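Participant: Got a predicted structure here, sequence first:
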Amino acid sequence: MIDVTDLSFEYDDGPRVFEDLSLTIPEGETVAVLGANGTGKTTFLRLLAGLLTPTNGEIRIDGDQDPTVGLTPEIPADGLFAATVSEEVAFFPENRGLAVETQVTQALEALGITHLADRIPQALSEGEKRLVTIASVLSGDPDVIGLDEPTSGLDESGWRRLGERLAALDRTVVLVTHDTDFAWRYADSAVVLTDSGVDREGPIREILADSTYDLAGVGLTTPEPVVWARERGIEEPPRTVAAAVELIEGEEP
Ligand SMILES: Nc1ncnc2c1ncn2[C@@H]1O[C@H](COP(=O)(O)OP(=O)(O)OP(=O)(O)O)[C@@H](O)[C@H]1O
């Protein structure tokens, strides 16, 4: 479990981002941290990973005495240093004394990038770079996985592979994203941040499907399956439009 208590944070040369922020993230869940630009989502991940220190309050991660947090950068090139993709993805398992070959193979396979193993990370396409940074974090098997805009620039296959890998993990995943379709489909819970702090916190299916909640007003897009269900008067939106269409004969997605 991640317990955030009375967290305040202010950049030395910038704004006060959080003021007395409190929230709880249950262990093993994928929580989507959602919100408009500049509401502090990336800052929250950096605080969680210990890259920034709270001005006040604390973030406590239960479990191991010294819990590990793996974080992907918002800009993939910021997290790529090795000469080859396989060396890049081997970095964390090597440092943590894990079975390097197994971890690297599994992470590359899970994200469908085995064919990139010998390539130079900095010379990859943006989407490929992003997949490598995610593989690099997954291979280190940290207690908490923080992903910053992981679907940005991914094609359909990478998008789906990533979601399915996250769904199969028994790790706590903190997913910062503007991609509410991805969050709807693969996250368990959501935290919606606004300039004044946590606006909503709870099961993602309740928050994003709540017709009384002005998602656009907090910078969010209504997920496609929710729009689809509303147009048809269906009370519980499906996880995917395709799944629902299979159930309703003759209906086009
Ligand atoms: N290194 C920094 N120094 C000073 N201010 C910063 C720094 N990094 C971020 N900020 C400011 O802190 C606030 C929160 O930024 P942050 O990147 O956490 O927001 P975000 O919710 O992740 O935004 P986005 O959705 O655009 O990625 C913004 O006003 C930003 O300008």
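Facilitator: Great, that's in hand. Please read all numbers here as calculations on a predicted model, not as lab measurements. Residues are numbered from 1 along each chain as shown.

Participant: wait, is residue 13 part of a helix?
Facilitator: No: under DSSP: H, G, I helix; E, B strand; the rest coil, residue 13 sits outside any helix and is assigned coil.

Participant: That one and residue 203: what is the separation?
Facilitator: 38 Å (Cβ to Cβ, to the nearest Å). From N, CA and C alone the C-beta is placed, and that goes for glycine too.

Participant: ok, those two, which is more surrounded?
Facilitator: The neighbour count for residue 13 versus residue 203, taken as other Cβ atoms under 10 Å, is higher for residue 203 (13 against 5).

Participant: can you pull the contacts of the more buried one?
Facilitator: By Cβ atoms under 8 Å, 6 or more residues apart in numbering, the contact set of residue 203 is 188-190.

Participant: Could you list which of the residues you listed belong to strands?
Facilitator: 189-190 (DSSP state E).

Participant: Return the closest of the contacts of residue 203 with respect to the ligand.
Facilitator: residue 190 (14.2 Å; Cβ to the nearest ligand atom).

Participant: in the sheet, who's paired with that closest one?
Facilitator: residue 32, residue 202 (DSSP bridges).

Participant: going forward can the numbers begin at 14, since that is how I track them
Facilitator: Sounds good: first residue 14 from here, last item residue 203.

Participant: shaky segments in the protein?
Facilitator: 76-78, 257-266 (pLDDT under 70).

Participant: Mind putting the contacts of residue 216 into TSV with neighbour count?
Facilitator: Formatted as TSV, the contacts of residue 216 follow (neighbours: other Cβ atoms under 10 Å):
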residue	neighbour count
201	17
202	19
203	25
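
Participant: and the closest residue to residue 237 other than its chain neighbours, how many neighbours?
Facilitator: Among residues not flanking residue 237 along the chain, residue 194 sits closest, at 5.4 Å (Cβ to Cβ, 6 or more residues apart in numbering). Neighbour count for residue 194, taken as other Cβ under 10 Å: 20.

Participant: isn't residue 194 right up against residue 236?
Facilitator: Yes: using Cβ atoms under 8 Å, residue 194 makes contact with residue 236 at a distance of 5.1 Å.

Participant: Next, count neighbours for the residue in the chain positioned nearest to the ligand.
Facilitator: Proximity of the chain to the ligand (Cβ to the nearest ligand atom) peaks at residue 27, 2.5 Å away. Other residues within reach of residue 27, judged by other Cβ under 10 Å, total 8.

Participant: The one 4 residues further on too?
Facilitator: Counted with other Cβ under 10 Å, the burial measure for residue 31 works out to 24 neighbours.

Participant: Which of the three states applies to it?
Facilitator: With three-state DSSP as the criterion, residue 31 reads strand.

Participant: mind listing what it touches?
Facilitator: 20-22, 53, 56-57, 210.

Participant: For the residues you listed, could you give me JSON lines that also reports distance to the ligand, neighbour count and secondary structure?
Facilitator: JSON lines is the format used below for the contacts of residue 31 (distance: Cβ to the nearest ligand atom, whole Å; neighbours: other Cβ atoms under 10 Å; DSSP: H, G, I helix; E, B strand; the rest coil):
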{"residue": "20", "distance to the ligand": "13", "neighbour count": "22", "secondary structure": "strand"}
{"residue": "21", "distance to the ligand": "13", "neighbour count": "14", "secondary structure": "strand"}
{"residue": "22", "distance to the ligand": "9", "neighbour count": "21", "secondary structure": "strand"}
{"residue": "53", "distance to the ligand": "4", "neighbour count": "23", "secondary structure": "coil"}
{"residue": "56", "distance to the ligand": "3", "neighbour count": "20", "secondary structure": "helix"}
{"residue": "57", "distance to the ligand": "7", "neighbour count": "27", "secondary structure": "helix"}
{"residue": "210", "distance to the ligand": "13", "neighbour count": "15", "secondary structure": "strand"}
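
Participant: Report the beta-bridge partners for the residue nearest the centre of the chain.
Facilitator: Centroid check for the chain by Cα atoms, centre = their mean gives residue 188 as the closest residue, at 1.8 Å. Residue 188 has these beta-bridge partners by DSSP bridges: residue 45, residue 160.

Participant: Many thanks, we can stop here.
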